[in-house]
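Colleague: give me coordinates for this.
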Amino acid sequence: MSNAPSRLHPVHPALTAAVIEGVLARRERVRRSDRVVWARFLALLDERTDEARSAQLFAVLANLVGVVAFADPDDHRTTAQLAEAIGEQQLARLQHRAASLLEADAAGRWTAEACRRWTADDVPAEVARACAATAYALVLHDIESGPAVPSASAAPAAPAAPPVRTVGQLLALLARGSTAEWRAQLDAVAASPWGPYAHELLRLAERSRSPRARAVVETVVDRCRERREASERALVARDIKACIARAGISQRAFAAHIGTSPSRLSSYVTGAVVPSAAMLLRIRRVSRRLRDRAAEEMAATRGA
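Modeller: Predicted structure coming up:
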């Protein structure tokens, strides 16, 4: 799944206008149960400006409304177009903002329904992957923006809500749960992606014999693990940068001291490659030795 950065071209004005008009044209199909949210959508449209960022937000807002209110194939295709234009992560940020403007219910039931629609079996095959990626990015948006690594003194992660312990509870959560209820479970998974609770959810999904439940749980666990691995790589890279800085010599000279090439050390510094445990220990040991040697030489110079 793409984790493309948001540094992409903005949504074209023609697409923005077409998305909004395409949703408004179907107003006669709005269900009675959706009329409160629809009225809020119309009120928000009246507040929009001609500024490009506002137009982009309202295109995302309209698509969110269209997916839940109508879920026509073209609504899913529009989601894929928006994801391609601005990137999955930026789209998730805009969707999160749009949902906060749209929903009076803090539980996020409308947003949850959108995620269910994006991962349903009837999504057009050519855009199913993009729509599913959009759903996962949205539901994990807040979770991924939190602390990547808990402190060593932190208590073992546990859901803020009662944990899911049965297949029935898992299936009910996926079928009827709100975004807030999903995140209450996923917070614990994100805090410990390889921990007991993540394994328990995977086990329940396997026992459910539901391909969709299994796909959803496996995907969110994998995403939490990928996020944690990326965070850990970044932490290791920062540690190596700090070791080189404390050594007080150039990166090229430091590479010679630890017995590797400058290019290889550069890959450690950027996080492109994670060194072995033995190499990381060597980097730390050499850094301390060079730092101590520099301190001794400075002390000797002052005492001379």
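Colleague: residue 271 touches residue 232, doesn't it?
Modeller: No: here residue 271 does not reach residue 232: they are 9.6 Å apart, not a contact under C-beta atoms under 8 Å. The way it works is simple: take the backbone N, C-alpha and C, and place the C-beta from them, glycine included.
Colleague: more neighbours, these two?
Modeller: Between residue 271 and residue 232, counted using other C-beta atoms under 10 Å, the more crowded position is residue 271 (17 against 14).
Colleague: check contacts around the more buried one.
Modeller: Shown in contact with residue 271 (C-beta atoms under 8 Å, 6 or more residues apart in numbering): 233-234, 236-237.
Colleague: that one and residue 72: what is the separation?
Modeller: The gap separating residue 271 from residue 72 is 43 Å, by C-beta to C-beta, to the nearest Å.
Colleague: again, but for residue 171
Modeller: Applying C-beta to C-beta, the value for residue 171 to residue 72 is 27 Å.
Colleague: who's more crowded, those two?
Modeller: Set side by side, residue 171 and residue 72 show more neighbours around residue 171, with 18 against 14, by other C-beta under 10 Å.
Colleague: let's verify residue 15: helix, strand, or coil?
Modeller: Assigned with DSSP: H, G, I helix; E, B strand; the rest coil, residue 15 falls in the helix class.
Colleague: list the residues that contact it.
Modeller: So residue 15 contacts 59, 81-82, 85 (C-beta under 8 Å, 6+ apart).
Colleague: let me know whether residue 190 touches residue 227 as I believe.
Modeller: Yes: counting by C-beta under 8 Å, residue 227 is a contact partner of residue 190 at 7.0 Å.
Colleague: which parts of the host helix or strand of residue 53 are buried?
Modeller: Taking DSSP states H and E as the definition, one finds residue 53 inside helix 52-69. Of the residues in helix 52-69, those with enough neighbours to count as buried (16 or more other C-beta atoms under 10 Å) are 55-69.
Colleague: downstream of the lowest-mean-pLDDT helix or strand in the chain, the next helix or strand is which one?
Modeller: The weakest-scoring helix or strand in the chain, judged by mean pLDDT, DSSP states H and E, is helix 141-144 (a mean of 77). Note on helix 141-144: by DSSP H and E, the next helix or strand toward the C-terminus is helix 167-176.
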